[in-house]
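Colleague: how does the following fold in three dimensions:
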Amino acid sequence: MPALWIAHVHVTNPDAYGRYAELAGPAIAAHGGEFIARGTRYVQLEGAERERNVVARFPSLDAAEACYRSEAYQAALAHARGAAERELVIVELPD
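Modeller: The predicted model follows:
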């Protein structure tokens, strides 16, 4: 079953986070991920507001998790650490 990777992000260092984004996109694509929404308009109804919201669709929950744990994504993520406050969840879609 396909899965969604959903990230809510508050960027604190745009330059470093930009380096993360440059590397993360190819790592996500290499695992079959495709962006559905990235930095588009949103309405915050509950919880902590994060100005950047990203949704990527993967072929499966396992593919999304493998992407996150991959060497390429972890190299990208090193640039985001200390450059953003983030929450990330992977949600499997029903049939």
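
Colleague: contacting residues around stretch 50-68?
Modeller: Applying C-beta atoms under 8 Å, 6 or more residues apart in numbering, the contact partners of stretch 50-68 are 1-11, 27-28, 30-40, 42, 73, 85-88, 90, 92. In this view, the C-beta of every residue, glycine as well, is placed from N, C-alpha and C.

Colleague: end to end, how far does that stretch reach?
Modeller: Counting by C-alpha to C-alpha, to the nearest Å, the length from the leading to the trailing residue of stretch 50-68 is 20 Å.

Colleague: next: stretch 59-74.
Modeller: End-to-end span of stretch 59-74 (C-alpha to C-alpha): 20 Å.

Colleague: and the closest residue to Ala80 other than its chain neighbours, how far from Ala76?
Modeller: Using C-beta to C-beta, 6 or more residues apart in numbering and skipping residues adjacent in sequence, the residue nearest Ala80 is Tyr20, 4.0 Å away. Computed with C-beta to C-beta, to the nearest Å, the distance linking Tyr20 and Ala76 is 5 Å.

Colleague: more crowded one of those two?
Modeller: In terms of neighbours (other C-beta atoms under 10 Å), Tyr20 is the more surrounded of Tyr20 and Ala76; the figures are 23 against 20.

Colleague: wait, a helix at the more buried one?
Modeller: Yes. Under the criterion used here (DSSP: H, G, I helix; E, B strand; the rest coil), Tyr20 sits inside a helix.

Colleague: residues contacting it?
Modeller: Contact partners of Tyr20, counting by C-beta under 8 Å, 6+ apart, are Ala76, Leu77, Ala78, His79, Ala80, Ala83, Ala84.
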